[in-house]
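Peer 1: Quick check, what structure comes out for this input:
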Amino acid sequence: MAEKSFPAPESGMLLSYFLTVADVPRSRAFYSEVLGGEVILEENPCTVRLANSWLIMNPGGGPTPDKPGITLHPPEDPATATCFLNIRVADIQAVYEEWSAKGAEFVTPPIDRKAEIRCYLRDPDGYLIEIGQATGMLHGVYADPPAGKGPGTR
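Peer 2: Below is the predicted model:
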């Protein structure tokens, strides 16, 4: 790494996730104080190390020369998601209780889905975050395919 904790590999590749946020300090506080991330850079862009990944957060904006015709903005419809963070934990009940006590608002409590126990929460901008604990999948029990998508269907 170029800087001790900054996501800049000296060789190869490193994956980070960019979030367009409405209020950088609010989002920074959520990902650091509620979820326990480490603030690497406060702004321009806000960078938070969360477990073995990095979140980069900046306000939205219009097109730039390197992304012509593209405007960035936080989610607008909480009933629709095209992507989400997926956080794997060792003890989902403990995480659920800890983060709930710190103000995280979960969609549901953890639900056992045979392959895993999982639940979802939203960040202050409405981004969906899945929290999961592998259970059955560690023993060959996997998620059921979506309806109509079983073996032999297209």
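
Peer 1: So the closest residue to Phe6 other than its chain neighbours, which state does it fall into?
Peer 2: In this structure, Phe6 finds its nearest non-sequential neighbour in Ile40, 5.6 Å apart by Cβ to Cβ, 6 or more residues apart in numbering. Bear in mind the C-beta positions are built from the backbone N, C-alpha and C, glycine included. Judged by DSSP: H, G, I helix; E, B strand; the rest coil, the three-state class of Ile40 is strand.

Peer 1: pretty sure Ile40 contacts Ala8?
Peer 2: No - judged on Cβ atoms under 8 Å, Ile40 makes no contact with Ala8 at a distance of 10.5 Å.

Peer 1: neighbour count winner among the two?
Peer 2: Ile40 (18 against 11; other Cβ atoms under 10 Å).

Peer 1: Contact partners for the more buried one?
Peer 2: Residues in contact with Ile40 (Cβ atoms under 8 Å, 6 or more residues apart in numbering) are Glu3, Ser5, Phe6, Pro7, Thr47, Val48, Arg49, Trp54.

Peer 1: With Leu35 instead?
Peer 2: So Leu35 contacts Leu50, Ile87, Trp99, Ala104 (Cβ under 8 Å, 6+ apart).

Peer 1: go on, Arg26?
Peer 2: The contact partners of Arg26, by Cβ under 8 Å, 6+ apart, come to Pro124.

Peer 1: my read is it is in a strand, agree?
Peer 2: No - counting by three-state DSSP, one finds Arg26 to be helix, located in no strand.

Peer 1: confidence score at it?
Peer 2: Here, the pLDDT recorded for Arg26 equals 98.

Peer 1: Domain map for the protein?
Peer 2: As assigned by automatic domain parsing, the chain contains the domains 1-72, 75-146.

Peer 1: Of the contacts of Ile40, just say which sits nearest to Pro75.
Peer 2: The closest of these to Pro75 turns out to be Val48 (Cβ to Cβ; 18.5 Å).

Peer 1: Enumerate the beta-bridge partners assigned to that closest one.
Peer 2: Listed beta-bridge partners, Val48: Val39, Leu55 (assigned using DSSP bridges).

Peer 1: need the contact list for it.
Peer 2: Applying Cβ under 8 Å, 6+ apart, the residues near Val48 are Arg28, Tyr31, Ser32, Gly37, Glu38, Val39, Ile40, Trp54, Leu55, Met57.
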